[in-house]
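fold the following, please.
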Amino acid sequence: MSGAEIFISVIFLIPIYGLLIYSYINPEESYDLFGKKSIMDEDIELIEEEIQWLKLRSLFSIIILTLVIVMMIYKSTL
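Numbering: from 1, shown residues only. Here you go, the predicted model:
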């Protein structure tokens with residue numbers, strides 16, 4: 001991969017990072033935006049395990065996305 005391709009990839013991944021960080025910081029609101037609550041008419045109360053699961057999933061996604069970017073950069077330098 002060339003430097004320009006990596007730059008474009010990182011630029012496109014910035015909004016994904018933003019959504020993942022938002023999901024980690026505010027899991028209840030992110031569930032409202034992306035979850036099943038927008039499909040249903042009634043309010044859904046999240047239990048603590050669901051909130052922890054959302055935070056854990058966001059954290060793992062951030063870590064995996066960072067590793068993918070680092071591997072892309074490392075592979076391009078070889």
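
what's Asn26 sitting at in phi/psi?
phi -120, psi 80 (degrees, to the nearest 10).

list the buried residues in whichever helix or strand Ser58 is part of.
Per DSSP states H and E: Ser58 is located in helix 48-77. By neighbour count on 16 or more other Cβ atoms under 10 Å, the buried set for helix 48-77 is 54-55, 58, 61-62. Where you see a C-beta, it was placed from the backbone N, CA and C, and this is true even at glycine.

nearest to Tyr22 among those residues?
Ser58 (8.5 Å; Cβ to Cβ).

distance check, that closest one against Tyr31.
11 Å (Cβ to Cβ, to the nearest Å).

same question for Ile47.
Taken as Cβ to Cβ, the span from Ile47 to Tyr31 is 11 Å.

in terms of neighbours, single out the busier of those two.
The neighbour count for Ile47 versus Tyr31, taken as other Cβ atoms under 10 Å, is higher for Tyr31 (18 against 9).

what's the more buried one sitting at in phi/psi?
phi -70, psi -40.

from memory it sits against Leu54, does it?
Yes - when contacts are counted by Cβ atoms under 8 Å, Tyr31 is listed as touching Leu54 (6.3 Å).

just the CA trace of the helix or strand containing Pro15, in PDB.
Using DSSP H and E, Pro15 falls within helix 3-25. C-alpha atoms of helix 3-25 as PDB (Å, rounded to 0.1, in the frame of the first residue of the first chain):
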ATOM      1  CA  GLY A   3       1.300   6.400   1.500                       C
ATOM      2  CA  ALA A   4      -1.700   8.000  -0.200                       C
ATOM      3  CA  GLU A   5      -3.800   4.800   0.200                       C
ATOM      4  CA  ILE A   6      -3.000   4.600   3.900                       C
ATOM      5  CA  PHE A   7      -3.800   8.300   4.300                       C
ATOM      6  CA  ILE A   8      -7.200   7.900   2.600                       C
ATOM      7  CA  SER A   9      -7.900   4.800   4.700                       C
ATOM      8  CA  VAL A  10      -7.100   6.600   7.900                       C
ATOM      9  CA  ILE A  11      -9.300   9.600   6.900                       C
ATOM     10  CA  PHE A  12     -12.200   7.300   6.300                       C
ATOM     11  CA  LEU A  13     -11.700   5.500   9.600                       C
ATOM     12  CA  ILE A  14     -11.800   8.700  11.700                       C
ATOM     13  CA  PRO A  15     -15.600   8.800  11.800                       C
ATOM     14  CA  ILE A  16     -15.700   5.100  12.800                       C
ATOM     15  CA  TYR A  17     -13.300   5.900  15.600                       C
ATOM     16  CA  GLY A  18     -15.500   8.700  16.700                       C
ATOM     17  CA  LEU A  19     -18.600   6.500  16.800                       C
ATOM     18  CA  LEU A  20     -16.700   3.800  18.700                       C
ATOM     19  CA  ILE A  21     -15.400   6.300  21.300                       C
ATOM     20  CA  TYR A  22     -18.900   7.800  21.600                       C
ATOM     21  CA  SER A  23     -20.300   4.300  22.200                       C
ATOM     22  CA  TYR A  24     -17.700   3.700  24.900                       C
ATOM     23  CA  ILE A  25     -18.300   6.900  26.700                       C
END
